[in-house]
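Participant: Got a sequence here, can you build the structure:
(one chain, ligands or ions: 1)
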Amino acid sequence: MSARPRSKAPVPPRVRAEFDRGEHNALVAGDDMYFVMERGTDVHVITSACPHRGGPLHLGEVEDDRLRCPWHGSFFPVGRLCDRAHPSVRVGDAVTVYLPATDHSPVPVHTMVRAGVNAA
Ligand code: FES
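Facilitator: Predicted coordinates:
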């Protein structure tokens, strides 16, 4: 019996971004925005575009561990959003995240956003 070769799913191109979690709580790359949600000691970098119609999840409210989109009120479990966060590594306050590649390099920004933000 011969082993079947595993099919490899294509890995989407990613671009690395670094920021200080005490100074920044959002990243922007072109038209795409990402926000930081902290749970305990973990830092999650989450796409801000709501899966319904692209609403700004970073402006949502967290209610009962669910994030409410400000546009049409859909709720998203915070745990599920964090599970789908972009790959990142935190060392102290330094966070390195790998975001989907675009024509624009990610730029960390300090933005007053509500969702789970604990920026100093
Ligand atoms: S855009 Fe978020 S619920 Fe419609």
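Participant: Contacts only, for the residue nearest the centre of the chain.
Facilitator: Geometric centre of the chain, nearest residue: Ile46, 1.5 Å, by CA atoms, centre = their mean. By CB atoms under 8 Å, 6 or more residues apart in numbering, Ile46 lies in contact with Tyr34, Phe35, Val36, Met37, Leu57, Leu81, Cys82, Arg84, Ala85, His86. (C-beta placed from N, C-alpha, C; glycine too.)
Participant: mind running it again at 6 Å?
Facilitator: Applying CB atoms under 6 Å, 6 or more residues apart in numbering to Ile46 gives the contacts Phe35, Met37, Leu81, Ala85.
Participant: Can you name the residues bridging to it?
Facilitator: Beta-bridge pairing of Ile46 under DSSP bridges involves Phe35.
Participant: so what pLDDT did it get?
Facilitator: The score at Ile46 is 96. That number is its pLDDT.
Participant: and what of Arg6?
Facilitator: On the pLDDT scale, Arg6 is placed at 73.
Participant: do the same with Ala17
Facilitator: 95.
Participant: Chain neighbours aside, what residue packs nearest to it?
Facilitator: Closest residue to Ala17 apart from its sequence neighbours, by CB to CB, 6 or more residues apart in numbering: Pro106 at 3.7 Å.
Participant: picking that back up, which ones among the contacts of Ile46 map onto helices?
Facilitator: Leu81 (DSSP state H).
Participant: Okay, Val11 and Tyr98: tell me how far apart.
Facilitator: Distance of Val11 to Tyr98, computed by CB to CB, to the nearest Å: 11 Å.
Participant: Between the two, point out the one with more neighbours.
Facilitator: More neighbours surround Tyr98 than the other of Val11 and Tyr98, with 17 against 6 (other CB atoms under 10 Å).
Participant: picking that back up, quick one: neighbours of the residue nearest to Ala17, just the number.
Facilitator: 25.
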